[in-house]
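Novice: sequence first, then the predicted structure, then my questions.
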Amino acid sequence: MNSIDGSNRHVKTDEAPPPSLLAIVLDTNPHAWAHLSSTLPLSAALANILVFINAHLASGNANEVAVIASHSHKTTFLYPTPILPQPQLRHGTANGHVETGQARNDNEQQMVESANKYRPFAVVEQAILRNFSKLLDETTETHLQATPTTLIGGALSLALTYINKSTILHAPTAASAESISLAALADSENTHVDHVPLTSRILIVSVSGDLANQYIPVMNSIFAAQRKKIPIDILKLAGDTVLLQQASDATGGVYMKPERPEGLLQYLMMAFLPDSTARTSLVVPSAGGVDFRAACFCHRNVVDIGFVCSVCLSIFCTPNLPENMCLTCGSYLSLRSAVMNPPALIPRKKKKKKKAGTESATPGTNTPAGSSTPMHP
Amino acid sequence: MSASSSTQALEYLEGLHLQTHRKLYEQPSTVLAVFRCMLPHLAKSIVMAMLYMPSAFPTTDLDAWFKPSARKEKEQALFVLDRLHILTSKRSDDGRQLYSLSSGFQHSLRQAIEGSGTHRSFGVPATREESGGRKVTINFLDEYSRAQWEGILYYLVSGAAGLHADGIARSEVGNGTKGLLNAGDLVKIVHGSPRITKDGFSFVLQETNAQVWSLLIVYLKMVNNLGMSETEVLSFLFMLGSLELGQDYSISTLSPTQLQMLEDLSDMGLIYRSSKTAKTFYPTRLATTLTSDSGSAMSASSNDIAQASQGTAGPAATANKGFIIIETNYRLYAYTNSLIQIAILSLFTKLQHRFPNLVSGKLTKESVHRAVQSGITSAQIISYLTTYAHPQMQKNVPYIPPTVMDQIRLWEYEGERVEVTPGYLMREFGSETEYRDVLGYADALGVLVWQRDESRCFFVSQVEQISAYLKKKKEHREGGRVR
């Protein structure tokens, strides 16, 4: 009788966990995989990841997956297969239809003999394998010689844009342009989105170290992910980077650096499979001590103590900038006083004194503290 | 309401014996379907974490993996896994409690996920000779399944709603299906014409996917009398759920039991065969969405966008989209011209106007009372209205105005004052701490119905887990004493 009150009015649909989108960024840097080939060859890793993808797809009926290869000279989607823009499409839409139809037929024909496999799994697997071998075929010697590292920044932004697109597609039918703009207006602080249509996360399987040369794009992606509340999980099979640790820490993702890369599948299944719904009740592994050091914007070196532009907060390892201009925003910076008193040595004194110190650092203002600004007692 | 459709099947599965489970888990497609749609979310995480684990999983490690605040969820997940005989716990040599997956389940799930083995349990597509070069379109299949299923619904509601099949072409409901509806106590025949029962009402108000499951569960209960094997029927149903819409499948690999089922299922509209002697069959959307509880069975599955666009274009999808608007003044507008929907609405609404694409009416005390008297509960009415709420209504949470929801409940409570829950009374606890401990466990499991601290007794809806818990505790105590 007394159950008729506001508390009992909940909607039952909340019970089912929301569909979850997993975007996997697979670092396919050939140099790094060559180092790993004795313990974990790329083919074995890919097979393990495919099993992991199937497990993810099985964990929820509407679960989705996207796989992005971050190669040495380009990043590309392994799944879903990118639909290339067709310039001829303008003067013959029927043409485009026929072609997509043929692509579908190709799929069907390859699929015929797979009565031992759940069909959705087979579709994803074959697409990934096909696109992956295409990517490897396209890689030439000149590409390999050009750079020893991988384009993780580009892959991350691809993943983010794909997640964003899917989220919009998944919004309930009523969510028209109006509600989307409302959501954009609302700050990330007050998320009163009534029902979450899609939970997304990014998993980076990384093997290359030394990504400092991509500090800026990666950091920007991390902040975008943080704002969109997309956790970035890191599985670090080899190499070591400051950057990715920060990514998982800032976005609340999982960070793991397995000692035995051969056991890849068990790591994936145990630590990376639970989606954000399940993670609310599980203890997730994370990086113990996070290295928060930044890379400088001028030479891409990781620095302990650096110089920061007072306008745009860019970091530099040296005070000798060309023409004393900030490389990012172009503001005039006078670093003379900073050089004389290294920033780390400023003692934490009273508020009044500190203010005086910072004021004197800005060029042109040598007025003594307290004379221009009236102080409140 | 996706939860309700799979919980029904889950309850049925939980009631099966260990032997039946063992046999079921031999088929990878069955295991995958059970995993995908029966298990709670956390149970999936547990199973997947243990799937490739080389050794058993110590209980203490499992406890450490869960946050202390999530004890309730953990117990629930373990409870379901235990009832389905997926997880077994045993004691290791050094006295630690270990969990391990039942070997059959583990083996089959590995096969399903890797796509290995030669079990051919995910359906054998028909060869070119068998299909005879002629294929039917997905639109045709949708139309067919909808016609068959609506025929069944119409058969149920026509008597009560005072509607007759006047001039509308309805596919005739097969005798087998009629028998099924009777056996499931959904209708009873009065003076030669069907009269809907209380269970029938709740059946009609469910979502399509849940309806299919409830009818299939009635079917499963009947198969033993018909001399068919329950496991084979279940595996076939789970296999159907993993098939591809629009693809024809060969019947050459099916067992005699399953061949017999084909006929019954095509009566219900779950599968389509061009003739009774055809060598192939097509699963319809009703069948392929059996094991995917995302959305209603009629609307397209979301993981295939191409399919989704076709689905929304078809008439089947539009028929099941939200169409009901309720205002706070109890007026109800339903954008539908489907006679079945109108008939269902008329069960608890006072309908006033009908336009080509719209009916309007009002929820009144009399109309709700009438519905309650014929066995519909307020929860059913509310869940029906929620399921079919218009997209405009879905912008608010809850979808239905709270005043209307509360009033429907109040109208019902005017007549009903007692609620019955079958279960067990636990009492005569030795000490307060023991009482508190078991009570906490029962609460975490979600089976606690009522408690009375003064007399140290409480009431639970299910007792198996608790008795196992008590036994474990006792063993532990005795073991401690020996040491």
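Specialist: Alright, I've got the coordinates.

Novice: tally of neighbours for the residue nearest to residue A:198 when sequence neighbours are not counted?
Specialist: In this structure, residue A:198 finds its nearest non-sequential neighbour in residue A:170, 4.2 Å apart by Cβ to Cβ, 6 or more residues apart in numbering or on different chains. Where C-beta positions appear, they are placed from N, C-alpha and C, glycine not excepted. If you count neighbours by other Cβ atoms under 10 Å in any protein chain shown, residue A:170 ends up with 18.

Novice: next, the closest residue to chain B within the stretch 51-200 of chain A: phi, psi?
Specialist: For the stretch 51-200 of chain A, the residue closest to chain B is residue A:117, as judged by Cβ to the nearest Cβ, at 3.5 Å. Torsion angles at residue A:117 (phi, psi; degrees, to the nearest 10) stand at phi -130, psi 140.

Novice: skipping adjacent residues, who's closest to it in space?
Specialist: Take residue A:117 and drop its neighbours on the chain: the residue closest to it by Cβ to Cβ, 6+ apart is residue B:115, 3.5 Å away.

Novice: check contacts around that neighbour.
Specialist: Residues near residue B:115 by Cβ atoms under 8 Å, 6 or more residues apart in numbering or on different chains: A:54, A:114, A:116, A:117, A:118, A:121, A:122, A:125.

Novice: just these: which are in helices?
Specialist: Within these, residues falling in helices by DSSP state H are A:54, A:121, A:122, A:125.

Novice: which two among the residues you listed are spaced furthest apart?
Specialist: Spatial extent of these (Cβ to Cβ) is set by the pair A:54 and A:122 at 9.6 Å.

Novice: and the two? Which one has more around it.
Specialist: Remark: of residue A:54 and residue A:122, residue A:54 carries more neighbours, 23 against 19, as counted by other Cβ under 10 Å.

Novice: hang on, the earlier thing: can you lay out the contacts of residue B:115 as TSV showing distance to residue B:190?
Specialist: Converted to TSV, the contacts of residue B:115 look like this (distance: Cβ to Cβ, whole Å):
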residue	distance to residue B:190
A:54	52
A:114	52
A:116	51
A:117	51
A:118	46
A:121	50
A:122	52
A:125	56
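
Novice: neighbouring contacts of whichever strand or helix holds residue B:71?
Specialist: Assigned by DSSP states H and E, residue B:71 belongs to helix B:71-83. Residues from elsewhere that reach helix B:71-83 (Cβ under 8 Å, 6+ apart): A:281, B:10, B:14, B:38-40, B:42-43, B:46-47, B:62-63, B:66, B:87, B:89, B:441, B:443-446, B:464-465.

Novice: how about it: buried residues?
Specialist: Buried positions in helix B:71-83, judged by neighbour count with 16 or more other Cβ atoms under 10 Å in any protein chain shown: B:71, B:73, B:74, B:75, B:76, B:77, B:78, B:79, B:80, B:81, B:82, B:83.

Novice: same check, this time on stretch A:134-141
Specialist: Buried-residue list, stretch A:134-141, by 16+ other Cβ under 10 Å: residue A:135.

Novice: domain map for chain B?
Specialist: As assigned by automatic domain parsing, chain B contains the domains B:2-114, B:128-313, B:322-415, B:424-482.

Novice: surely residue B:257 and residue B:228 touch.
Specialist: Yes: using Cβ atoms under 8 Å as the test, residue B:257 is close enough to residue B:228 to be in contact (4.6 Å).

Novice: pLDDT weak spots in the stretch 351-483 of chain B?
Specialist: B:416-417, B:479-483 (pLDDT under 70).

Novice: contacts only, for residue B:101.
Specialist: Neighbouring residues of residue B:101 by Cβ under 8 Å, 6+ apart: B:47, B:50, B:51, B:86, B:87, B:88.
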